[in-house]
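1. Structure here, sequence nowhere to be found:
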């Protein structure tokens, strides 16, 4: 699979803002990694890849837990706590890789906070990933360095897709690759899966279909280049938090045009109560 074949193997390979790369490189250079909270409303932006690059670079013993599969108090008491009680064989810090940590129950989060607070023997660091930071208790967030993966650089993604297309002999022009990026941004995993479909013989029109990222959809709506009815069903499925995140980003790009398109935007989201509430509150500011 392309997502494994082209998974980043080091910091330079991963598609991130340069500022985030610089922060991670500085921590790796000191061999003293703090607790990290990697977040983005969308999956497929490189959070898990970075986690594995860090533990590999630091030669850390680690355990990997997906909180969507195990979210109760037992995962803290029976898996994390015993693992951190003793030093590693190589005397380096151990690591806890906890993905989708917003899925942990409130009791589990409190127990995890206590472990992080205790810092047993100061021999462990945590890398938490989430698509919904608002569901994580503040004491955990305050014990982490937060890194935002919401908007990986589009130009770097495009360059990566060009290299993969060349290597896999996929005959796509740059506008085709741009359409793949636009359709699935910021989910790089979906972009790679789409390239793999095209490589297997599926037409790009069928592989991309009517998909479009919410961020770009918002911009198209603002510029009145799409009709509400064409995307209404898709918008209904978008969770409220990513909706607010990307819509706000689109608004900030060109507030003057947005103000002239208020009625169009409200027509599009009419009937989606939580999203309408956000829009109404925004325009009252």
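-> Thanks, I have the structure now. The structure presented is a predicted model; accordingly, all values stated were derived computationally and were not measured.

2. And for residue 163, the neighbour number?
-> 11 (other Cβ atoms under 10 Å). C-betas here are computed from N, CA, C, even on glycine.

3. Tell me who's in contact with residue 98.
-> Residue 98 makes contact with 65, 67, 112, 126-129, according to Cβ atoms under 8 Å, 6 or more residues apart in numbering.

4. what do you get if the cut-off is 6 Å, keeping everything else the same?
-> Contacts for residue 98 (Cβ atoms under 6 Å, 6 or more residues apart in numbering) come out as 65, 128.

5. Can you tell me the closest non-neighbouring residue to residue 7?
-> Once flanking residues are discounted, residue 7 sits nearest to residue 49: 5.8 Å by Cβ to Cβ, 6 or more residues apart in numbering.

6. how close does the one you found sit to residue 129?
-> 10 Å (Cβ to Cβ, to the nearest Å).

7. Pick out whichever of those two has more residues nearby.
-> More crowded of residue 49 and residue 129, by other Cβ under 10 Å: residue 129, with 26 against 20.

8. Please work out how many residues are found near the nearest residue to that one once chain neighbours are set aside.
-> Distances taken as Cβ to Cβ, 6+ apart place residue 47 nearest to residue 129, at 4.1 Å, with adjacent residues excluded. Residue 47 has 22 neighbours, counted by other Cβ under 10 Å.

9. Provide the count of other residues in contact range of the closest residue to residue 88 other than its chain neighbours.
-> Nearest residue to residue 88, sequence neighbours excluded (Cβ to Cβ, 6+ apart): residue 61, at 4.4 Å. Residue 61 has 17 neighbours, counted by other Cβ under 10 Å.

10. any low-confidence regions in this structure?
-> For the chain, applying pLDDT under 70 flags the ranges 119-121, 209-285.

11. I'd like to know how far the residue nearest to the spatial centre of the chain sits from residue 175.
-> Nearest to the geometric centre of the chain sits residue 40, at 3.6 Å (Cα atoms, centre = their mean). Distance from residue 40 to residue 175, counting by Cβ to Cβ: 27 Å.

12. what about the helix or strand harbouring residue 197, distance to the chain center?
-> If you go by DSSP states H and E, residue 197 is part of helix 188-199. Relative to the centre of its chain, helix 188-199 is centred 17 Å away, using Cα atoms, centre = their mean, to the nearest Å.

13. Same check on stretch 175-191?
-> With Cα atoms, centre = their mean as the basis, the mean position of stretch 175-191 lies at 15 Å from the chain mean.

14. Which residue, other than its chain neighbours, is closest to the residue of the chain most remote from its centre?
-> Relative to the mean C-alpha coordinate of the chain, counting by Cα atoms, centre = their mean, the farthest residue is residue 89 (32.6 Å). Leaving aside its chain neighbours, residue 89 sits nearest to residue 61 (7.0 Å; criterion: Cβ to Cβ, 6+ apart).

15. Many thanks, have a good one.
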